[in-house]
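# Return atomic coordinates for the entry below.
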Amino acid sequence: MNVSVKSIDASIQKIDHLDDDGLSKIAEYYSTAQPVLFAYAGKAALEYNNPKLEGFLVYYFCILAEAFSQEGLKPRSIDDKMIDEFEEPFFQVLNDFFDNDNPEVLEEFTDQPDLVKFMFMEISTPDEDGSELDDETATQLFVVALAMITLLSRACESAQ
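Residues are numbered from 1 along each chain as shown. Sure thing, here's the model as predicted:
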C-alpha cells in the first residue's frame with residue numbers, strides 16, 4: 001500500500017509543530033520501534049563524514065515513519081537480514097538512476113512514488129528562509145531517505 005500525499009502532509013504538520021521536547025519524544029518512539037533502521041540511517045552521517053547530515057536524518061526518519069503511521073501502515077521491525085538483502089539491488093537502482101536520470105526507477109523500486117516525489121522536492125527546494133542544502137548533503141540525504149522508504153515499505157508488505 002502506498003503512502004498518500006495526504007498522509008505525508010499530515011506527518012509534516014505533526015512533526016513540524018512539535019517543540020524540541022516533542023520532537024525528541026517522537027524520535028525516541030520511532031527509534032525504539034525501528035532500532036535497526038534508525039542505526040542504519042544514523043551511521044550514514046559517519047560513513048559520509050558529514051555531521052550536517054545527522055540532524056536531517058533524524059528529522060526525515062520521523063517524518064517518514066509518521067507518514068507510514070498516518071496511512072495506517074504498521075511496518076514490522078526491520079532487521080539486519082532485511083537490510084543485507086536490500087542493499088545490492090538498491091545500489092544497482094541508484095546507479096541506474098544517477099546514470100540515466102530516471103526517477104521512475106526509484107519510484108518503482110521503493111514502491112512509494114509519493115514519498116520519492118516528496119524527498120525530491122525536499123532536497124531541491126529552498127526552505128522558507130531561502131536556505132538550501134549543499135549538493136553533497138542533499139544527495140546523501142536523498143539516498144538514505146530512499147533506503148528508509150524502501151525498507152519501511154517492505155516491512156509493511158512482510159507484516160501482512
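
# Would you mind finding the longest helix in this structure?
helix 135-159 (DSSP state H).

# List the buried residues in that one.
Neighbour-count burial for helix 135-159 flags 137-138, 140-156 (criterion: 16 or more other CB atoms under 10 Å). Using the backbone N, CA and C atoms, a C-beta is placed for each residue, glycine as well.

# ditto for stretch 38-47
Buried residues in stretch 38-47, counted by 16+ other CB under 10 Å: Phe38, Tyr40, Ala41, Gly42, Ala44, Ala45.

# Dump it to PDB, keeping only the CA atoms.
Taking Å, rounded to 0.1, in the frame of the first residue of the first chain, the C-alpha atoms of stretch 38-47 are listed here in PDB:
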ATOM      1  CA  PHE A  38      17.400   4.100  12.900                       C
ATOM      2  CA  ALA A  39      21.000   2.900  13.500                       C
ATOM      3  CA  TYR A  40      21.400   2.100   9.800                       C
ATOM      4  CA  ALA A  41      20.300   5.600   8.800                       C
ATOM      5  CA  GLY A  42      22.300   7.200  11.600                       C
ATOM      6  CA  LYS A  43      25.600   5.700  10.700                       C
ATOM      7  CA  ALA A  44      25.300   7.300   7.200                       C
ATOM      8  CA  ALA A  45      26.400  10.600   8.600                       C
ATOM      9  CA  LEU A  46      29.600   8.900   9.900                       C
ATOM     10  CA  GLU A  47      30.200   7.000   6.700                       C
END
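
# contacting residues around stretch 12-32?
Contacts to stretch 12-32, defined as CB atoms under 8 Å, 6 or more residues apart in numbering, come from residues Phe38, Val58, Tyr59, Phe61, Cys62, Ile63, Ala65, Glu66, Gln70.

# gap between the helix or strand harbouring the third one and the chain center?
Just to be clear, that refers to Tyr59. According to DSSP states H and E, Tyr59 maps onto helix 51-70. A distance of 6 Å separates the centroid of the chain from that of helix 51-70, by CA atoms, centre = their mean, to the nearest Å.

# Next SSE downstream of that helix?
helix 80-100.

# which strands and helices sit next to that following helix?
The contact analysis (3 or more CB pairs under 8 Å, 6 or more residues apart in numbering; DSSP states H and E) places helix 80-100 against helix 35-47, helix 103-110, helix 135-159.

# Buried residues of stretch 85-102, list them for me.
Buried, per 16+ other CB under 10 Å, within stretch 85-102: Phe86, Phe90, Val93, Leu94, Phe97.
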